[in-house]
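S.K.: Sequence first, then the predicted structure:
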Amino acid sequence: MTIDWWTLGLETVNVAVLVWLLGRFFWRPVSAMIETRRKQAASLLDEAEASRAEAKAALAEIGRTREGFAAEREQVLEKARQEAAEQSAALLDKARGQAAAAEAGARAALAAEKAAAEAEWAERSGRLAVEIAGRLMARLSGDSVREAFADWLVAEIGKLPDDARKAVANGGALEAVSAAGIGADEQARIRERIAGALGAAPQIVFTTDPALIAGLELRGPHLAIANSWKADLDSILAGIGHGR
């Protein structure tokens, strides 16, 4: 088994960055927030306890002055206990909800950051790979390469439905585009092959476009056959973008 050290290194860097981001932007803020909420809850509990103590003292005073109000005193104390318990429980629930929301937000932000970084790296590596491939392909030239692209062009024309081929043949002049100039003899052979594939002999004008790198494309009012290194590289780059 071969270890891809570049991939391993990038994954290690990703993990390290993720751990650092979690520590700096998630765990510390969330821990601080929870601690603040805990202190607030404790303070409120203390205040509630103080209120309860005041209520008990008031009831004791009432008991000393009015012995007959023992039942009323118990009712007031029970109500105070219930209110304090409800208030503290509500505050704790609110603190837990806020902490959970902060945690979910941090996780979503980290996930979005990671996805954006992965997408950017995929696009950069894809463009670099396509650029390298384009430079290598640009060095390929000669009759054999032109002949191969002519074969592929004729094959693509042959895949067209009969109605489409008739429309192309009767739709006006066609433009045969190559990366470099083509001699008159070779142009004549290509015209003959295209005419044979279409079943007609339309007017064909030959032009050049160095951006194709290599290839032979056919364009017209009712037809556009991309048959070049540039078209293939664009397709590969698009595939890399959709596959990330």
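M.R.: That came through, no problem. Numbers count the residues shown, from 1 in each chain.

S.K.: Tell me where the model's unsure across this protein.
M.R.: For the chain, applying pLDDT under 70 flags the ranges 1-3, 26, 68-70, 72, 106, 110, 114-143, 241-244.

S.K.: Strands along that one, start to end?
M.R.: 174-178, 204-208, 216-220, 223-225 (DSSP state E).

S.K.: what does the first one rub up against?
M.R.: So the one you mean is strand 174-178. Defining contact as CB atoms under 8 Å, 6 or more residues apart in numbering, one finds that strand 174-178 is touched by 146, 168, 187, 190, 194, 202-209, 212, 215-220, 223. C-beta coordinates here come from the backbone N, C-alpha and C atoms, glycine included.

S.K.: In ChimeraX, select just the buried ones from these.
M.R.: To isolate the buried members of those in ChimeraX, using 16 or more other CB atoms under 10 Å:
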select :146,168,187,190,194,202,204,206,212,215,216,217,218,220,223
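
S.K.: now for the strands of the chain, which one comes closest to E49?
M.R.: Nearest to E49 among the strands of the chain is strand 223-225 (82.0 Å), distances taken as CB to CB.

S.K.: Run through the neighbouring helices and strands of that closest one.
M.R.: helix 143-158, strand 216-220 (3 or more CB pairs under 8 Å, 6 or more residues apart in numbering; DSSP states H and E).

S.K.: Any chance of the backbone angles for D209?
M.R.: Here is the backbone geometry of D209 (degrees, to the nearest 10): phi -150, psi 100.

S.K.: Chain neighbours aside, what residue packs nearest to it?
M.R.: Distances taken as CB to CB, 6 or more residues apart in numbering place V177 nearest to D209, at 5.2 Å, with adjacent residues excluded.

S.K.: how far away is I225 from L174?
M.R.: 10 Å (CB to CB, to the nearest Å).

S.K.: Kindly apply the preceding question to G181 instead.
M.R.: 18 Å.

S.K.: neighbour count winner among the two?
M.R.: Under the criterion of other CB atoms under 10 Å, the comparison of G181 against L174 puts L174 first, with 22 against 10.

S.K.: Any idea what the residue nearest to D209 is bridged to?
M.R.: T207, E217 (DSSP bridges).

S.K.: since we're on it, how many residues are nearby?
M.R.: Neighbour count of V177, defined by other CB under 10 Å: 20.

S.K.: ok, now I213?
M.R.: 23.

S.K.: Would you mind measuring from it to K230?
M.R.: 5 Å.

S.K.: For the helices and strands packed on strand 223-225, give me CSV that also has distance to V30.
M.R.: Below are the helices and strands packed on strand 223-225 laid out as CSV (distance: least, CB to CB, whole Å):
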stretch, distance to V30
helix 143-158, 59
strand 216-220, 58
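
S.K.: Give me whichever of the ones you listed is most buried.
M.R.: For these, the largest average neighbour count (mean count of other CB atoms under 10 Å) is found in strand 216-220, namely a mean of 21.
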